[in-house]
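K.L.:
sequence first, then the predicted structure:
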Amino acid sequence: MCTRAVCGLAHYLERDGIPTTLIGAIRDHVALLRPPRALVVRFELGRPFGAPDEQDFQRRVLLEALRLLARPDGPILADFPDGPPPPPAGLERWSPPADPVRPENRPRDAGELVAAVRSEIARLLPLRDRWVREHGGRRFDRITGLDPEAIVALTVAYTRDQSIANPLPQYALDRTIKFATDDLKHFYYQAALSLPGRIGDVELDDWFFGGTMAGEMLLRLRAALLDSDDPNLKQFGETSLVPSHQAHRKPSS
């Protein structure tokens, strides 16, 4: 994938006579880094070959990237012509665990929001537990060791005041907030993925940030961090708390 480090390494290898080719998902980012050769794809981040279990399509992407090695001119920025393949015909359509929360129904008071998110967590807990059982006890929502209800209280507290004590002093505050909010998102995603049907990363984020109280809570936290005087918290709010394809969303209050 076309990260700053990988693109830099590609230039060093090319200087020693070793041709390189890369795959990137964000065209403007790849163009800015100017690797010797790169294939730009229109897939979700983290899926450079398009979709799981689609071997023929993945082979097409790989061969298209390798063909760039035959071109000595550069830097080369080529576009893969197709988007990802659609789900197989007849695959059961994924449905969200609960009806999406409409903006006009989202709490405006912080106390009401905490209560609403905790109620949402209680409804999703059996689904999260089912996912864990079906995957041999694996958990992706225990980075911090904090339970979801504690993370909710912490998130709302930092939305109001970023100067309160850090409950995980072994980390810088921006890391604490990142790990805690990642735990909360993973709790929700495991619950959602326990339901039948295939769902992509973007659709999952659309559901979380557009249709849950927890998503609303993180959007409010992001708005607060963007106004923070702490440059690390401000940068975290700008780049890491909400995925780039959800950055257009605004909190309801």
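P.N.:
Cool, got the structure.
K.L.:
how about residue 237: what's its closest non-neighbour residue?
P.N.:
Closest residue to residue 237 apart from its sequence neighbours, by Cβ to Cβ, 6 or more residues apart in numbering: residue 225 at 3.0 Å. Just so you know, the C-beta spots here come from the backbone N, C-alpha and C atoms, and that holds for glycine as well.
K.L.:
got any ranges where the stretch 51-200 of the chain has weak pLDDT?
P.N.:
87-92, 100-104 (pLDDT under 70).
K.L.:
so where do the helices sit in it?
P.N.:
For the stretch 51-200 of the chain, helices defined by DSSP state H, counting those that start in this stretch occupy the ranges 55-67, 110-134, 148-160, 173-193.
K.L.:
let me know the angle separating the second one from helix 173-193.
P.N.:
Using axes from the mean of the first three to the mean of the last three Cα atoms, to 10 degrees, one finds that helix 110-134 and helix 173-193 are set 60 degrees apart in direction.
K.L.:
please state the offset of helix 110-134 from the chain centre?
P.N.:
Its chain's C-alpha centre and that of helix 110-134 lie 20 Å apart, by Cα atoms, centre = their mean, to the nearest Å.
K.L.:
which other residues reach that helix?
P.N.:
Outside of helix 110-134, the residues within contact range by Cβ atoms under 8 Å, 6 or more residues apart in numbering are 97-98, 106-107, 138-139, 141, 148-149, 152-153, 156, 159-160, 187-188, 190-195, 212-214, 216-217, 220.
K.L.:
buried residues, that helix. List them.
P.N.:
For helix 110-134, burial by neighbour count (16 or more other Cβ atoms under 10 Å) applies to 113-114, 116-117, 120-121, 124, 127-128, 131-132.
K.L.:
quick one: those residues as CSV, columns for distance to residue 78 too.
P.N.:
As requested, the buried residues of helix 110-134 are exported to CSV (distance: Cβ to Cβ, whole Å):
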residue, distance to residue 78
113, 47
114, 50
116, 48
117, 45
120, 44
121, 46
124, 43
127, 42
128, 42
131, 39
132, 42
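K.L.:
isn't the residue nearest to residue 237 right up against residue 240?
P.N.:
No. The pair residue 225 and residue 240 fails to qualify as a contact (Cβ atoms under 8 Å) at a distance of 9.8 Å.
K.L.:
and these two? Which one has more around it.
P.N.:
Neighbour totals were compared for residue 225 and residue 240, and residue 225 leads with 23 against 15 (other Cβ atoms under 10 Å).
K.L.:
how far off helix 173-193 does the helix or strand harbouring that one point, in degrees?
P.N.:
Using DSSP states H and E, residue 225 sits in helix 213-226. Angle between the axes of helix 213-226 and helix 173-193 is 160 degrees (criterion: the same axes, to 10 degrees).
K.L.:
off-centre distance for helix 213-226?
P.N.:
With Cα atoms, centre = their mean as the basis, helix 213-226 stands 15 Å off its chain's centre.
K.L.:
counting by contacts, list what that helix packs against.
P.N.:
With contacts defined as 3 or more Cβ pairs under 8 Å, 6 or more residues apart in numbering; DSSP states H and E, the packing partners of helix 213-226 are helix 110-134, helix 148-160, helix 173-193, helix 201-211, helix 231-239.
K.L.:
coming back round to it: out of the buried residues of helix 110-134, which one sits closest to residue 47?
P.N.:
residue 131 (20.6 Å; Cβ to Cβ).
K.L.:
state the distance from that closest one to residue 220.
P.N.:
27 Å (Cβ to Cβ, to the nearest Å).
K.L.:
now swap in residue 123 and tell me
P.N.:
From residue 123 over to residue 220 the distance is 21 Å, taken as Cβ to Cβ.
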